[in-house]
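**Q** please work out how this folds:
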Amino acid sequence: MKMRNTRSRTALGAGLSLAILLAACAGTDGTDGAAPDEPAATGTEEPDTEEPNTEEPATDEPATEEPDAGESGAWDADAPPEWEEILAAAAEEGEVVVAGPAFLDDAMTTAFEADTGLTLSYLGGNTRELNSRLDQEAQAGNVTIDVSMGGGTQLNTLLPEGLLEPIRPQLILPSATNNDNWKPGDQKYLDNDDQYMLQTTEWIHGWVAVNPDSLGDITVTTWDDLLQPELVGRIAAYDPRTGGQGQSAAAYLAEVKGMDYIVELFDGQEVTYTQDGGQLMEWIARGTYDVALGGIAPDVERYRTEGLPIEVRHMEDGPGALTGGFSVLKQPVGAPHPNAAQVFLNWWASGRGLDVYAEVLMEPSLRVDSEAEVPEYVTPQEGVDYIDQYTEDWYTTVRPQVTEELAEALGR
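**A** Numbering: from 1, shown residues only. All right, here's what the predicted structure looks like:
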């Protein structure tokens with residue numbers, strides 16, 4: 001069964017870009033999103049972010065164009081002979097089931113089905129809950145998910161138990177495997193074996209958002225500046241006690257400034273907590289508070305597009321840490337549609353799926369040729385020494401210690 005004549009290639013043109021931008025700015029109300037991910041097996045949370053609101057404005061369907069089988073720029077150009085066999089087997093399987101953030105549903109499904117002719121059943125929702133489901137299914141040997149998007153949770157759960165399929169050998173398209181296409185000079189994996197957990201974006205978190213109008217003459221250029229008496233009661237944060245993006249920011253601060261600073265900041269400055277990222281940025285945009293900790297780009301840009309005054313600042317005494325958000329792909333052992341899963345992995349790593357994700361989440365792709373537009377303040381800069389929090393060693397050693405210390409200092 002040949003699939004090539006049934007596939008069309010969706011252009012990431014104005015139609016999809018507009019739909020993606022609107023989706024990204026639709027607001028947030030959960031616990032995951034554009035930062036690091038869900039709680040690890042130790043009971044701590046990955047530095048993840050919240051779930052944006054799943055209600056998206058109505059947009060036109062992205063324009064499509066008929067594929068040119070000989071087009072050298074196609075995402076699956078120069079595919080090896082077995083690619084057609086994999087496509088045929090994937091069509092026989094009927095679908096690929098992918099779990100990830102809810103707000104990617106429409107854009108991801110539309111692009112994948114247009115490019116491949118295959119059905120994508122997207123399980124969108126709170127990724128911490130989806131991670132828990134994936135772990136339980138894999139450990140019980142009753143898997144319903146083919147590919148999971150998220151952070152590094154499985155470094156502490158499925159990987160040590162041998163319940164993840166290697167991804168690297170499944171990537172067979174030249175567009176996915178060519179090292180020149182990847183900024184690090186190769187694909188990046190969280191696991192030390194460089195096989196199982198493929199990270200596809202890398203961006204900066206650990207910055208502050210301020211309202212320059214309400215802040216007035218108060219100087220905020222260093223983390224120590226946040227301890228000024230003038231800012232008592234004027235700082236808000238995504239709750240660092242409950243995981244997600246708030247814990248991400250606090251864990252970074254704990255690592256670079258120490259736990260005494262954490263207590264002095266959050267308790268001493270009477271920081272106000274929220275578990276709603278949209279509310280956090282609205283407080284800043286409206287001048288309810290002057291400074292916000294633990295914000296993410298989609299929430300910032302939502303209010304910036306309305307012309308409201310929000311500035312993002314990287315502190316001189318701590319420029320931020322590197323994370324991969326939900327961009328880490330994992331495949332459990334026993335996935336029900338292995339051929340369709342392989343198609344999805346190659347499609348994503350070729351840049352097609354990754355660009356859809358990167359523009360919605362506003363995360364810089366690790367591919368050199370990415371066309372996704374993302375804010376400059378989340379884009380790593382050359383010559384800056386960032387802490388890389390998306391490695392197996394950091395995730396399994398530093399992170400658990402820091403998050404436990406945070407819980408003891410700030411309460412659970």
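**Q** and the helices in the stretch 1-150 of the chain?
**A** With DSSP state H, counting those that start in this stretch, the ranges of helices along the stretch 1-150 of the chain come out as 14-24, 82-93, 105-116, 127-140.
**Q** out of these, which comes closest to Leu361?
**A** helix 14-24 (7.1 Å; Cβ to Cβ). Quick note: C-beta positions are derived from backbone N, CA and C, even for glycine.
**Q** tell me the contacts of the nearest residue to Gly351 once chain neighbours are set aside?
**A** Sequence neighbours aside, Arg367 is the residue nearest to Gly351 in space, at 5.0 Å (criterion: Cβ to Cβ, 6 or more residues apart in numbering). Arg367 is in contact with 181-183, 200, 351, 354, counting by Cβ atoms under 8 Å, 6 or more residues apart in numbering.
**Q** among those residues, who's most crowded?
**A** Neighbour counts for these, by other Cβ atoms under 10 Å, peak at Thr200, which reaches 26 neighbours.
**Q** any stretches of this structure with poor pLDDT?
**A** Where the chain drops to pLDDT under 70, the residues are 1-73, 243, 412.
**Q** contact partners for Ala99?
**A** 122-125, 127, 130, 133-134, 145, 147-149.
**Q** cool, and Pro380?
**A** Contact analysis of Pro380 by Cβ under 8 Å, 6+ apart lists 202-204, 322, 364, 386.
**Q** try 10 Å this time
**A** Pro380 is in contact with 183, 202-204, 319-320, 322, 364, 386, 388, counting by Cβ atoms under 10 Å, 6 or more residues apart in numbering.
**Q** list only buried entries from the residues you listed.
**A** The neighbour-count test (16 or more other Cβ atoms under 10 Å) applied to those identifies 202-204, 319-320, 322, 364, 386 as buried.
**Q** looking at those, which two lie furthest apart in space?
**A** Top of the distance list for the buried ones among the contacts of Pro380 (Cβ to Cβ): Pro319 and Pro364, 15.2 Å.
**Q** got the contact list for Leu134?
**A** 99, 123, 127, 143-145, 147-148, 150, 153-154, 157-158, 163, 330, 332.
**Q** at 6 Å what do you get?
**A** 145, 148 (Cβ atoms under 6 Å, 6 or more residues apart in numbering).
**Q** got it, and Gly324?
**A** 199, 201-202, 390.
**Q** how many neighbours does Pro375 have?
**A** Pro375 has 17 nearby residues by other Cβ under 10 Å.
**Q** no no, Arg352
**A** Arg352 has 23 nearby residues by other Cβ under 10 Å.
**Q** skipping its backbone neighbours, what lies nearest it in space?
**A** Nearest to Arg352 is Trp75, by Cβ to Cβ, 6+ apart, at 4.4 Å.
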